[in-house]
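Trainee: Predicted model, plus sequence, below.
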4 protein chains.
Amino acid sequence: MVRPMTLFGVVPPLVTPLTPSYEVDTASLARLVQYQLAGGVDGLFLLGTSGEGTFLTDEQRQVVLETVVGEVAGQVPVLAGVIDTSTARVGAHISQALKAGVAGLVATAPFYAATHPAEIERHFTRLSELAEGTPLYAYDIPARVGTKLPTALVISLAQAGVIAGVKDSSGEEPSLRRLVMERRDAGLKEFAIMTGSEVAVDSALAFGVDGVVPGLGNVDPAGYVRLFGATSAEAWDEQERLIRLFDIVEVADRSRMGASSAALGAFKAALYLLGVIDCPVTAYPGIPFDEAELAALRPLLDQAGLHSPA
Amino acid sequence: MVRPMTLFGVVPPLVTPLTPSYEVDTASLARLVQYQLAGGVDGLFLLGTSGEGTFLTDEQRQVVLETVVGEVAGQVPVLAGVIDTSTARVGAHISQALKAGVAGLVATAPFYAATHPAEIERHFTRLSELAEGTPLYAYDIPARVGTKLPTALVISLAQAGVIAGVKDSSGEEPSLRRLVMERRDAGLKEFAIMTGSEVAVDSALAFGVDGVVPGLGNVDPAGYVRLFGATSAEAWDEQERLIRLFDIVEVADRSRMGASSAALGAFKAALYLLGVIDCPVTAYPGIPFDEAELAALRPLLDQAGLHSPA
Amino acid sequence: MVRPMTLFGVVPPLVTPLTPSYEVDTASLARLVQYQLAGGVDGLFLLGTSGEGTFLTDEQRQVVLETVVGEVAGQVPVLAGVIDTSTARVGAHISQALKAGVAGLVATAPFYAATHPAEIERHFTRLSELAEGTPLYAYDIPARVGTKLPTALVISLAQAGVIAGVKDSSGEEPSLRRLVMERRDAGLKEFAIMTGSEVAVDSALAFGVDGVVPGLGNVDPAGYVRLFGATSAEAWDEQERLIRLFDIVEVADRSRMGASSAALGAFKAALYLLGVIDCPVTAYPGIPFDEAELAALRPLLDQAGLHSPA
Amino acid sequence: MVRPMTLFGVVPPLVTPLTPSYEVDTASLARLVQYQLAGGVDGLFLLGTSGEGTFLTDEQRQVVLETVVGEVAGQVPVLAGVIDTSTARVGAHISQALKAGVAGLVATAPFYAATHPAEIERHFTRLSELAEGTPLYAYDIPARVGTKLPTALVISLAQAGVIAGVKDSSGEEPSLRRLVMERRDAGLKEFAIMTGSEVAVDSALAFGVDGVVPGLGNVDPAGYVRLFGATSAEAWDEQERLIRLFDIVEVADRSRMGASSAALGAFKAALYLLGVIDCPVTAYPGIPFDEAELAALRPLLDQAGLHSPA
């Protein structure tokens, strides 16, 4: 048993490889897990935004959970996204994830409806009870959820023992740094603060976050592992290389597909070109990359020094 | 069997009465149905935004569907919201709703992920296949979904026979009017256009919408029925009375609850004060109205001439 | 002397015709004034958003004021926009406009800086003192200013005699209607409420606004005059014709010019094609319409039945 | 003559001290200049957002320019904000500033109207001609202007010799870093990139910006000078101290004043408490700090180790 764990280091939010008929491709998923482990990651996060968790049926989520937990076999902690519109619906995902044996749970605030911080507090408090001791992490992603988790609320939930950490995908670096400062002021030594940024990891590590949950880590886990372990000057170079690699999310023609398809599609397309997964489609109704977009993406992988694993 | 139907007239989006322990209160729900039928409504829309559909578990949704379909007993069409993050997840709700015998299905674009119109088109096209002949309506509510359905897409889906109508809760009257004009230009006589506005119904009816799906209709169905059937001058007076009644959504203290709780909570609080439902709580984690808020709401009901049904 | 006036009816916000070298084209401006007067307008509003007032130097503003006041020669009231970033800067424009003999002044809230309603109140109060008895109108255009004037503030300024009316270009019809209702409740019979919408005039007149300040009125003043004087059914037809005419603002290629250039450029291009003004350029640095865009615009004028004045 | 200059280091955007009757307080302004020079700043930026340039009349702007240029007496470069709605209006400010002998000019994109990058390019190109060889800097402040300067446009304007640098107040660190990378790729060694952030200076310096234009530098110039010259670890501590000092902008009651008054008012209130300026009012119609807010601010100065200069 890994729990209680402390979340830290490089914990990529795994994409969910699909077949051309939109079923979970378990063989590709297993290869992706091995690619990550070979890259040296410190944990894996399933069924998050990159994992298209909100696109999958409960049955498909079950397949993902079982495949990854089995393939990882305890080598690193596995965290599961339990992202849904309401407390009750998240609760059902928690039950499923606990049965699968995950080491941590990651939930956003409620969405679709417009909520107040006091309601978000009730939400996480109830989820923590349902988690039955498995660490619960708050996932702050206002671009998707419509609500930024207030720093005061995060600290308060941490002090109450409701949440064990936070994944910050707000892109608001000053707010993230302030959270790190407030954690120190509050003496919350066990509370994990992770950044979801792909492109500001070196500075976030410099001001004190514990790790990174980068979507781009699907494509280049070893790069983020090097970045995490690097000295300040090395980190700067590695971060710049990864910033340029992140241009893959700009490859797709945005006049024909949405932002989610362009970004997740790029991660999947790269993994497809690298031979890790068999099919680059995103979840339905996402528009898939076409041949021209795949061709345009390849030079960015080459430039970043990425090649198919042996 | 009511299908194929044409959606028109006053079709309130039913709230879902809950017990203090957050279970569906079927007795209150049955009374609410009778209150609506007595008010003369032309249809009922379940499990929409007002119905807190995204807050309920699948089991709770089942209870709502069965209770209302049974209580209505074919007197008016019953439409079900099938609102969820992705095509696959909406598909599961469609299966459930079809088994319950609803006369129409109402779906939004995907949300949480950021989608493109071409992806939204794929979404509705697939949902239409899953609907197996039961009319599918598009629900345009950008404040919740993050995407406005483009007029050209709506017309195109209508021409393709994918959707049978649209519920417009965008609050963008010029866009709604343009849709009515484009419908006429395209000769789409059977395509239903409903407004979700509570406060601009008289003008929307004047420029050609077919009906209204007003959350406030939970509280005053008869008022909206009068408005729908009125001459232009009478409609103006009735609309102004309903605009003032709509102030109930401003009663709650917004420094302690969210916008959804304040609005849906007001509808429920009013129905509670009118004796239609037994408990005014909104779905968890919503903050409920307190005594002071209930007291502040009552005069607005009195001023609107609303009294408990006999 | 026209003052004290009551603002009402059709009061187009005049565009400012420019020469190819970006000076005020006084001959074209005089013809535009005559075109408007021939159309039967009830007043003219200079140096507003459509008038590109914020683009012009003080010297150019002076030319516009003198030309129009002279050309109108008291036949209808002339109102001047005094739109600038701060109270002090607006004050300078007020002095200039008063010397030119305008019948009313139109000011927005401060912009660039982020202001509070209490600060906006101080702003209008000071401007009213500077106006020395000439009526001051509040211009509510949140898309440009970044702030929506709260209804309570507008009513309060009206009751204090600070402002004589409001031009609402917010596009928020429910808020506008509520303002009309609150005006009635407050017994403010002399307070003018004008809509800046081109496309929802019939419904705004139906719920009680006093008139319209339509940018599109530059192109078709007679159409708006007919709409203002029409019965309800006639108004509906006229409004629909004008809605279709308003498609001229969609003609320009938005990948090569901004929204302001596309809209004001369309008004100017139409007036150019109708022979009213000599050159369709918008103020520098606006990108002008090209030949293809001019050609694409002409059929929309024909379809609307607009022809060059004799 | 300082020009041609390279902008770098710590260049605070000076506030404009006012008297209780809202005139420029030249004695306080002179003391503020001396306070800055004593703090070791590398330049001064007048009439920017912090300088309330958009609030001042042309006469007041003249007083500010003459006072500061005279007081500085060539010890450091003086840059002037020439921020206004249009090219023509900015041009007038440029003439004035050039006569006053400034070493650089700082302009935003046009605002109030909605512009396109191609129009912004025309704007800066014309301004550059009007600058007659004095360096022109682009000021990127989307929260005020409504437009983010695209990186490609900034690089293109730099390559064309139109602008000599950029002040980035977008708060978008990844975009700023990308600009630094693109500058290097383009070999633009003389092009200055300054951050307008108060709270992310250490990381911005680490990834290669040339300096900082911090509003908070009004209050603590020596702190930013230390931060600029520090080793990486020292910088981190200094930045954290300044982050905490920046809490002064949260002191004012935001239910009674706007964001600009709260932030600029805090800088002025701090300078007032430190004895540098005689009166803390912001420009009209800004609501000034009250006694309670002044009292609440003082402990934050003490905590930061700030005391009145001897």
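Mentor: On my side now, so go ahead.

Trainee: ok, residue A:132 touching residue A:98?
Mentor: Yes: contact status for residue A:132 versus residue A:98: in contact at 6.7 Å, counting by CB atoms under 8 Å. The way it works is simple: take the backbone N, C-alpha and C, and place the C-beta from them, glycine included.

Trainee: neighbour count winner among those two?
Mentor: residue A:98 (17 against 9; other CB atoms under 10 Å in any protein chain shown).

Trainee: neighbours around residue A:303, how many?
Mentor: Neighbour count of residue A:303, defined by other CB under 10 Å: 12.

Trainee: ok, so what distance separates it from chain C?
Mentor: Applying CB to the nearest CB, to the nearest Å, the value for residue A:303 to chain C is 29 Å.

Trainee: Where does the nearest residue to that residue once chain neighbours are set aside fall, secondary structure wise?
Mentor: In this structure, residue A:303 finds its nearest non-sequential neighbour in residue A:244, 6.7 Å apart by CB to CB, 6 or more residues apart in numbering or on different chains. Here residue A:244, judged by DSSP states H and E, is contained in helix A:232-245.

Trainee: What mean pLDDT does that helix get?
Mentor: Per-region confidence: helix A:232-245 scores 94 on mean pLDDT.

Trainee: Which elements pack onto it?
Mentor: helix A:201-206, helix A:221-229, helix A:291-303, helix D:173-185 (3 or more CB pairs under 8 Å, 6 or more residues apart in numbering or on different chains; DSSP states H and E).

Trainee: on that earlier part again, was I right to think the residue nearest to residue A:303 contacts residue A:302?
Mentor: No: contact between residue A:244 and residue A:302 fails when scored by CB under 8 Å: they sit 11.6 Å apart.

Trainee: neighbour-wise, which of those two wins?
Mentor: residue A:244 (16 against 10).

Trainee: and residue A:99, how many neighbours?
Mentor: By other CB under 10 Å, 11 other residues sit near residue A:99.

Trainee: That one: what secondary structure?
Mentor: The local conformation at residue A:99, judged by DSSP: H, G, I helix; E, B strand; the rest coil, is helix.

Trainee: For residue A:61, see how far away it is.
Mentor: Separation of residue A:99 from residue A:61 (CB to CB, to the nearest Å) stands at 11 Å.

Trainee: In chain A, which residue sits closest to chain C?
Mentor: Taking CB to the nearest CB as the measure, chain A has residue A:255 as its residue closest to chain C, at 10.4 Å.

Trainee: host element of that residue?
Mentor: Assessed by DSSP H and E, residue A:255 sits outside every helix and strand.

Trainee: Near it, how many other residues are there?
Mentor: Using other CB under 10 Å, residue A:255 has 7 neighbouring residues.

Trainee: Kindly report the same for residue A:133.
Mentor: Number of residues near residue A:133 (other CB under 10 Å) recorded here: 9.

Trainee: Quick one: name the residues of the stretch 201-310 of chain A near chain D.
Mentor: Contacts of the stretch 201-310 of chain A with chain D, taken as CB under 8 Å from any CB of the partner chain, map to A:202-203, A:206-207, A:232, A:236, A:240, A:243-244.

Trainee: Which single one of those residues is nearest to chain B?
Mentor: residue A:243 (21.6 Å).

Trainee: What pLDDT is listed against the closest residue to residue A:86 other than its chain neighbours?
Mentor: Excluding its sequence neighbours, the residue lying closest to residue A:86 (CB to CB, 6+ apart) is residue B:55, at 4.0 Å. On pLDDT, residue B:55 comes in at 98.

Trainee: wait, doesn't residue B:55 sit right on residue A:113?
Mentor: Yes: using CB under 8 Å, residue B:55 is in contact with residue A:113, at 7.0 Å.
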